[in-house]
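[1] below are the sequence and a predicted model for it; my questions follow.
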Amino acid sequence: MNGVLTTCGFCSCGCALYIEVSNGCIKGLFPSVNHPVSTGRLCIKGWSLTSSITCADRLRTPLIRRGSSLEPGSWDEAISLTVSALRKSSSNFGVKSLGVIGSAKMTNEECYSLVKFARSVLGTPNIDGSCRFYDASLIQALLQTTGIPASEIEISAIAKARSILIVGANVRDQLPHIGSRIEEAVRNGCQVVAADPRTFTIAPHVRLFLHPRPGKDLAWIRALLKTIIDRKLYHEDVPKMSGFSELCSSLNGVAMDRLNDETGVDPTLVAEAAKVLTEKSPPVVMFGLGVLQQSNSTEIVKALANIALLLGGSVIPLRGHNNAQGSSDLGMAHDFLPGYTPLSDSEAMRAWEQAWDCPLPQLPGLSAPDMIRACEAGDIKSLLVFGENLVLSAPDPRKTVSALEHLDFLGVSELYYTETAALADVVFPACSFLEKDGTFTNIERRVQRVRKVLEPLGEAKSDLWILAELASVLGKSISRDPVEVLAEVSAHVSQYADVSYQGLDEAWGRPWQSNGAKRKFAPVNGHSGGRDPEYPFQLIASRIHFHQQTGTMSLRSPVLSREYPEAFAELNGEDAKKLGLRPGSLITISSRSGSLARNLLLNDSLPQGCIHVPNFFAGDSPNRLASYECDPSSGVPIYKGCAVKVEAVK
Amino acid sequence: MKINGVAGALILKKSDAGIFLEGLGRDFRIIAPRRHLMGDIMFGAIQCPEEVVWDYGHDLYPPKRFFLPHYENLFRYRYEAGGVELEKVKDAPQQAIIGVRSCDVSAIQFQGGFFGSPTVDPYYKSRLDNTVLFSLVCNEPPRKECFCICCDSGPYLDVGFDVQLTDLGDRFLYQIGSEKGAKATESVELLLTKAEEGDLAERRRIEAHADSRFETIGYLAKAIIFTSENRVPEELWEELGSTCFRCGACTNLCPVCTCFTVEDRKDADGYFMRCRSWDSCQFSGFTREASGHNPRPTFGSRLLRRFYHKASYQYILRDGRHGCVGCGRCITCCLTDLGVPTVIKRVRRELPEYLEAQQKEKEG
């Protein structure tokens, strides 16, 4: 029963931990002391990792739809049914009638193979990843500014920061290792400026906490940019940097006098924030889902990256999924190829066609939300979903379910019988990351080993095996061996050129190199929606400390699922008084898309006019209040700042 | 072989350590500190004596897991027409744990008492009965977080070990401290010789040296008085509790903490497995009652609970010692700064200030 070293599969910090197994049962789990992120520490999700994964209700055999029910079947039947459905849609309606959506929980080898499968085996441009429902808005924005769609520094470097700007991220709860490093930095004299509608537990360490209204971040961040530029607080060589004048002129419309009314942030606080960040420059600028799921998230990320560039600082995007970084790096997106290669780069496209030995679709495909819309419209006929519970992660579950019901064929690869799996024609029982080998890439760009700890449960197979099997029946070749796949990745994706299994067994992975990415400013255009008088409250959608993503895993951990037994929503006491609502009473929160009921708690640290609705298990999610409206630049649905109304349950 | 004090101690040459372990290995599964990838140290079953890292410093994952496993299957059952069919799970091998630090031996002693009375936990007891502890004196506090010297649990032991080894350079001083230790030594006694006066002098020098090298201090005496008499204001516990990251690592990795939960997990074959796993008094769900009432509803009240256990008369009276052995793991594993010494320092230093402020408020 000696420990096997692997990487945590919950968040994007990528802690290294050991798992001890005896006779096929997990006996122990503990963090690596020497690993640069875990340093002998884990958060509660890490500590609860194994109990979420090996539950009795794990899928153990393929499930095949027979009439209205899903029944156990063989792998042969599952694979051949899937292949014939894909062939049928493709020959009747063309390759654009096929769609593939993957998960950022998959290993790098699986993400890469999924992209290869969609683009080269199926020949469809419709491939996207679960990041589209979370944080994909940062990718193009950072490519246009820092040039690295990832964190520019290592997590350990946060502890040495002189100042930190945290926007839209409950760091202590959601990414405890980042929160912990921020505290360390503060103990070393760092000054922190934070901004979010809510007050988080990091607050005692924050010098200045701004509370913009939900969904209104772009306006105050533009004001901060303008303040830094107007007062010439930037480094002296900044004006020589590419894009500076375009940035300056894009900020002409910033109206400081209307800022307070528009966003709830006083301009004097913006000036104070500029002062703190310049006096203690260079700052580390970090941001999370709070600003990545708004109507103008791409502009917000550009604005935040510009702040880092003006003050010579660095950017850390705070992503959620364990392999959000790797899945993006390896091209699990509708609008670029592995290594962030633009589809418009014809030379690179030719190189990929050569590598995969077939012509590839040249134009961007549909993003994940657009694929779901296209299912409803009848344009997509067959959809494969790997490891993502779309019904809960996409907005408006009623619309999502109805769209998926329109399909001729839905294939789902999952650990558990999720709401999405229940709609499928074929369900593949997938291996968890404890049952397979591979790599994950954390937010520092550190590629790390995932090692097989347990034998697959029942007949479960890795997503890589499933993809290879499908490809083989379709007459193409995808390797089942993660070592071979990683070798292929390192041969073709420049960022991963130095990565090999042998190297990763000899040292902790190193962050991939940025290949001389050039930093440049990008213009930041401002636009913000008006208010809807019928839906006067603004939604603050969040996740509580003990939950992760849609809850498929965290729901099953006895410790994680136990901490908050009842779903709640929070209002400021003044708002509750005006509405005649008592604490503890049942309220309905509704938007133009949907509604949900919650028990009311009062929280006077919330700004008035907002309601805080955390995500709960079993689909009790504020995503129900969101529509399929997306950030136009990135296609990420708008989950934050939705207009809602609040009433007592009659 | 007989129990011997320092004066009657024996010598095991390091060059014979391999044969010694192979000899022991005929009767016992040998658990020892091993170095894993990238230098992490952990205790585990060894295949050959060369795997043992004698100068390992200190490990993070406490050896309590060899008695109270982090995850443990207790028994399996299923409902039958005639009642319930039970299958016991047997998992208590004869084992020798080599190189356990003094603080951890003290913690195992404490836990043995807790699980031994008034109700005997048969799972814990069978493992404890089947285990021989070969403790290893710290010639130097292995980490800067160590404060066992403040907790009467190290860096060396006078009692409580089965066998205690002291590294004297090319040899170990070999002290037998229990009948179990004496019996385990019988099969390898040919390798042991009587210690000379020079060996004992060297051991005394090591003791004095180790005692003088501690960097972390836990002022337990004051904390024991303050927490036992409930003199620490609630506000201070709440303030400290509000900084907690709620990871539960302090209790998971505490070699003394005993809290566990049980859960019946359904197996794929229709049986249910009664599973026991470590749990933590730092979670709200740990103490929440079925009615929804929680006797420890706030972070502060749960932190108080932890420190009440670490430092209060009640446990000294009941278990013979306070609930901290000064291993320092709660410092290493904490995502913020709520290790025992820091909290005790806050309690000790700030209590007078709090009381003064309260007094002023009353007067004002």
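    Ah, there it is.

[2] in the stretch 51-200 of chain A, which spans are helices?
    In the stretch 51-200 of chain A, the helices defined using DSSP state H, counting those that start in this stretch lie at A:75-93, A:108-116, A:137-143, A:171-174, A:176-187.

[3] now the ones you listed as a markdown table including mean neighbour count?
    Yep, even glycine has a C-beta here, placed from its N, CA and C like the rest. A markdown table is the format used below for the helices of the stretch 51-200 of chain A (neighbours: other C-beta atoms under 10 Å in any protein chain shown):
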| stretch | mean neighbour count |
| --- | --- |
| helix A:75-93 | 17 |
| helix A:108-116 | 29 |
| helix A:137-143 | 25 |
| helix A:171-174 | 24 |
| helix A:176-187 | 23 |
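
[4] rebuild these as a markdown table, extending it with distance to chain B.
    As requested, the helices of the stretch 51-200 of chain A are arranged in a markdown table below (distance: least, C-beta to the nearest C-beta, whole Å):
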| stretch | distance to chain B |
| --- | --- |
| helix A:75-93 | 18 |
| helix A:108-116 | 19 |
| helix A:137-143 | 25 |
| helix A:171-174 | 6 |
| helix A:176-187 | 4 |
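
[5] mean pLDDT lowest for which of those?
    For the helices of the stretch 51-200 of chain A, the weakest mean pLDDT is recorded on helix A:171-174, namely a mean of 92.

[6] partner strands of the helix or strand encompassing residue B:34, with direction?
    Secondary-structure assignment from DSSP states H and E places residue B:34 in strand B:29-35. Sheet pairing for strand B:29-35, assigned by DSSP bridges, gives strand B:41-45 (antiparallel), strand B:95-101 (parallel).

[7] what number of residues lie near residue A:242?
    12 (other C-beta atoms under 10 Å in any protein chain shown).

[8] which stretches of the chain have low pLDDT?
    This is for chain A. Of all residues in chain A, those with pLDDT under 70 make up the ranges A:1, A:527-530.

[9] ah, I was thinking of chain B
    Within chain B, the stretches falling below the threshold (pLDDT under 70) are B:350-351, B:354-355, B:358, B:364.

[10] quick one on the thing from earlier: most packed of the strands paired with strand B:29-35?
    strand B:95-101 (a mean of 24; mean count of other C-beta atoms under 10 Å in any protein chain shown).

[11] who touches that strand?
    Residues from elsewhere that reach strand B:95-101, judged by C-beta atoms under 8 Å, 6 or more residues apart in numbering or on different chains: B:21, B:24, B:28-33, B:43, B:52, B:54, B:56, B:58, B:63, B:66, B:108, B:130-136, B:138, B:142, B:154, B:165, B:184, B:327.

[12] how about stretch A:234-252?
    Contacts of stretch A:234-252 with the rest of the structure, by C-beta under 8 Å, 6+ apart, involve A:222, A:225-226, A:228-229, A:278, A:281, A:306, A:309-312, A:518-525.

[13] what residues of it count as buried?
    When burial is assessed from 16 or more other C-beta atoms under 10 Å in any protein chain shown, stretch A:234-252 yields the following buried residues: A:234, A:238, A:241, A:243, A:244, A:247, A:248, A:250, A:251.

[14] give me the number of residues near the residue lying closest to residue B:22 once chain neighbours are set aside?
    Once its chain neighbours are removed from consideration, residue B:22 has its nearest residue in residue B:49; the separation is 6.3 Å (C-beta to C-beta, 6 or more residues apart in numbering or on different chains). Taking other C-beta under 10 Å as the neighbour definition, residue B:49 ends up with a count of 17.

[15] wait, residue B:49 touches residue B:18, no?
    Yes. In this structure, residue B:49 sits in contact with residue B:18. The criterion is C-beta atoms under 8 Å, and the distance is 3.8 Å.

[16] follow-up on the earlier one: with distance to residue A:500 added, can I get the strands paired with strand B:29-35 in a markdown table?
    Shown next, in a markdown table, are the strands paired with strand B:29-35 (distance: least, C-beta to C-beta, whole Å):
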| stretch | distance to residue A:500 |
| --- | --- |
| strand B:41-45 | 26 |
| strand B:95-101 | 35 |
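
[17] helix, strand, or coil at residue B:11?
    Per DSSP: H, G, I helix; E, B strand; the rest coil, the secondary structure class of residue B:11 is strand.

[18] list the contacts of it.
    B:168, B:171, B:172, B:173, B:174, B:192, B:193, B:194, B:195, B:196, B:199.

[19] and residue B:53, by the same measure?
    Taking C-beta under 8 Å, 6+ apart as the definition of contact, the neighbours of residue B:53 are B:32, B:33, B:34, B:35, B:41.

[20] list the contacts of the second one.
    For residue B:33, the contact set (C-beta under 8 Å, 6+ apart) comprises B:41, B:42, B:43, B:52, B:53, B:54, B:56, B:59, B:98, B:99.

[21] for the last one, same thing?
    When contacts are counted by C-beta under 8 Å, 6+ apart, residue B:41 touches A:33, B:33, B:34, B:35, B:53, B:56, B:57, B:58, B:59, B:60.

[22] ok, for residue A:195, nearest residue in space, not its chain neighbours?
    The shortest distance from residue A:195 to any non-neighbouring residue, by C-beta to C-beta, 6+ apart, is to residue A:210 (4.1 Å).
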